[in-house]
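Participant: Show me how the following folds:
(chains A and B)
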Amino acid sequence: MKYLDEYRDQAACQEYARAITRITTRSWTIMEICGGQTHSIVKYGIDELLPDKIILVHGPGCPVCVTPLELIEKAIEIAERPEVIFCSFGDMLRVPGSTKDLLSVKASGGDVRIVYSPLDALKVARDNPDKEVVFFAVGFETTAPANAMAVFQAKQQDIKNFSILVSHVLVPPAIEAILSAEDNLVQGFLAAGHVCAVMGYTEYEPLAKKYNVPIVVTGFEPLDILQGIYMTVKQLEEGRVAVENQYSRAVKREGNDPAKNLITEIFEVVPRKWRGVGEIPLSGLGLREAYRAFDAELRFGLSGKSVEEPAECISGTILRGLKKPFECPVFGTVCTPEHPLGATMVSSEGACAAYYRYRRIQNQVKS
Amino acid sequence: MDFSCPLPINNYPQILLAHGGGGKLMHELIEKIFMTSFANPALETRHDSAVLNLGNSRIAFTTDSYVVHPIFFPGGDIGTLAINGTVNDLAMSGARPLYLSAGFIIEEGLPTETLWRVAQSMRHAADAAGVSLVTGDTKVVDRGKGDGLFINTAGIGIVEHNLTIAPSSVALGDLIIINGDVGRHGIAIMAAREGLAFESEIESDCAPLNGIVLKLINSGLRVHCLRDLTRGGLATTLVEIAEASHLHINIDERAIPVREDVQGACEIMGFDPIYVANEGRFIAFVPEAEAKKVLDILVSDFQGMGSCVIGRVGGGAPGLVTMKSKIGVNRIVDMLSGEQLPRIC
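Facilitator: Next comes the predicted model:
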């Protein structure tokens, strides 16, 4: 397929892997921020092409993973109400709360629907004026413009039976949280290409400088990722620190202005709790005062039940790049995609779920 | 009588849609509830149809229910599916399908014309597959208690060869051949259901496979196993066969045919085409020495023009399926829990 096959070409990928090997003189730990990249790395086996000295660790950039358990509980509480049609992207439905997931709410009679865009949820609201339609607005800067557009249109068109349950998170504060920790191991970052397609990468420049760490804006196909790693390693080996753009076919330094303006119109920066990590200051988006009427949390007056994560789960250390899924004693035994204990196993893009799915029995794969 | 349910009901006190999705949860349900309740040698073969000795004849017997929504979709409708699905399950035992039954569960309010159209397409599909619909049943349920129309078909066919076409016959070194591109049915249904528009209309691959399979069997070539790829797609079928045969299967991602429009739709939704449903595709496990002849026969048939080798049965970990990815690295192919869900980003 055009524009895809070129980026999955075996010969080109192996050529880049050899180039990385050639320039690597010592061990480097590089984190890909985004779950989509983690998924690609494990699915295609990109890390197995790399020299042993390059250690890839997997960051917190999976929105499904980092959505706090409390918010899942709130989603379930709303979805169970008889007057509600609860709309969500598909992969949020399987994330377990403390006793059940949204799919179980659906099985018990709740009206839970998979939509492909928040604007589809807005249409559901228009078509069902006697129902309350709630959209589960999760995601990074990538999904923020579309969610902002849904709220913007709801206000413009005076659609009163629509609201969103917001759990938006931002990438740069997460990078800062990882880098500022005393036990940080990460020496270089692959930033998420789609996030930067919206936001640009000027926000990353002061971070690179302050923490002396190369950041390369990287795409999602195998060749993108290998090229991103090559550019990061090259900087590290040469002792340079800069924000570079591997994904120039989609990303401009300043990003997409109309999308950014829309986000700023609807949302403001707020503190957010990240599942597995904890609260990070100014790391999320919430609805601005002028749009609070569309905030499902306020509309339904939710109790805000506090939920404890299982003590065995080490997803916090995995999300910060300190450990790998295989180092977890309950990986693949007590904790599986069917019965996930924590953040990194709940979504197919979580590091643990990706390892489980593609290399559960690693030695056997190599045989 | 034992009324304590063997499923871990703490986790699933209710049946979820995923229990019918063709993945791990469905297999758990079948193993823990149905296999436990009905265990017998014919059921134990876990094949698409049961092969039974009746008098001097060997008979293949199968049943399947059709709940597809929407009823009509590009490339077919619930009626063509109901005929071809059961015909194909019989064909996968190498049987010649003969007679089908049909049970209709109709929701009050269904336009009579819809039922007529479905009946007509069933007749056409039955004619094309050379089977007769010889008995049936009709029930009407209250409005809201059915999704327009559900159909169950059962079928019998006669087995006229002495091969044991089953996972137990799969052997080390067998090549795995597929009869064409994967993922078209699932994407066609999803596009019709969700109103997703792509540049070109993607049509279901729904088709009867008894003709092409009988050509293969009548050629006298040794066919070790056949399996049609339905729910759960190519990946799930391969895992089922690897587990049932206790052998290792390795496939090559680059060899698996996927049409460009289907690939594009999968990219948009974050799906892997090897897990997407098909209704006119099957895989054959054959000895390497006969693979060339098998391919020659398959590509000469309209239903097998896109046939190709996608992998082989290897000496790795028993019960495991691995795939050489597009960039040349091996990884596990696992069964999913339920259906694939569209991703956020």
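
Participant: Can you tell me the SS state at A:V64?
Facilitator: For A:V64, the assignment made with DSSP: H, G, I helix; E, B strand; the rest coil gives helix.

Participant: Would you mind measuring from it to chain B?
Facilitator: Shown here: A:V64 relative to chain B, a distance of 6 Å by Cβ to the nearest Cβ, to the nearest Å. Yep, even glycine has a C-beta here, placed from its N, CA and C like the rest.

Participant: again, but for A:V171
Facilitator: Taking Cβ to the nearest Cβ, one finds A:V171 at 12 Å from chain B.

Participant: Identify the residue nearest the geometric centre of the chain.
Facilitator: In the absence of a named chain, chain A is used. A:C62 (2.4 Å; Cα atoms, centre = their mean).

Participant: actually it's chain B I care about, not the one you picked
Facilitator: Nearest to the mean C-alpha position of chain B, counting by Cα atoms, centre = their mean, stands B:T230 at 2.7 Å.

Participant: where's that residue, which helix or strand?
Facilitator: Using DSSP states H and E, B:T230 maps to neither a helix nor a strand.

Participant: For it, grab phi and psi.
Facilitator: For B:T230, the backbone dihedrals (degrees, to the nearest 10) come out as phi -110, psi -130.

Participant: List the residues that contact the closest residue to it other than its chain neighbours.
Facilitator: Using Cβ to Cβ, 6 or more residues apart in numbering or on different chains and skipping residues adjacent in sequence, the residue nearest B:T230 is B:A277, 5.9 Å away. With contact set as Cβ atoms under 8 Å, 6 or more residues apart in numbering or on different chains, B:A277 has these partners: B:G22, B:G183, B:H185, B:G186, B:I189, B:L229, B:T230, B:R231, B:G232, B:G233.

Participant: Could you give the separation between the terminal residues of stretch A:326-337?
Facilitator: Its start and end residues considered, stretch A:326-337 measures 15 Å (Cα to Cα, to the nearest Å).

Participant: make that stretch B:13-26, sorry
Facilitator: Stretch B:13-26: ends 14 Å apart by Cα to Cα.

Participant: Near B:T322, how many other residues are there?
Facilitator: The local packing of B:T322 (other Cβ atoms under 10 Å in any protein chain shown) involves 26 other residues.

Participant: Need the three-state assignment for it.
Facilitator: strand.

Participant: Return the distance of it relative to A:R359.
Facilitator: 10 Å (Cβ to Cβ, to the nearest Å).

Participant: How about B:T112?
Facilitator: 55 Å.

Participant: Tell me which of those two has more neighbours.
Facilitator: Ranked by neighbour count (other Cβ under 10 Å), B:T112 and A:R359 place A:R359 first, with 24 against 8.

Participant: I'd guessed that one sits against B:R331; true?
Facilitator: Yes - using Cβ atoms under 8 Å, A:R359 is in contact with B:R331, at 6.0 Å.

Participant: Now residue 133: closest residue in space, sequence neighbours ignored.
Facilitator: Using chain A here. A:A125 (3.7 Å).

Participant: Please refer instead to chain B.
Facilitator: In space, B:L133 is closest to B:L100, 5.1 Å off (Cβ to Cβ, 6+ apart).

Participant: same thing with A:A146?
Facilitator: Per Cβ to Cβ, 6+ apart, closest to A:A146 is A:P118, 5.3 Å.

Participant: who touches that neighbour in this structure?
Facilitator: A:C87, A:F135, A:A137, A:T143, A:A146, A:N147, A:M149, A:A150, A:I164 are the contacts of A:P118 under Cβ under 8 Å, 6+ apart.
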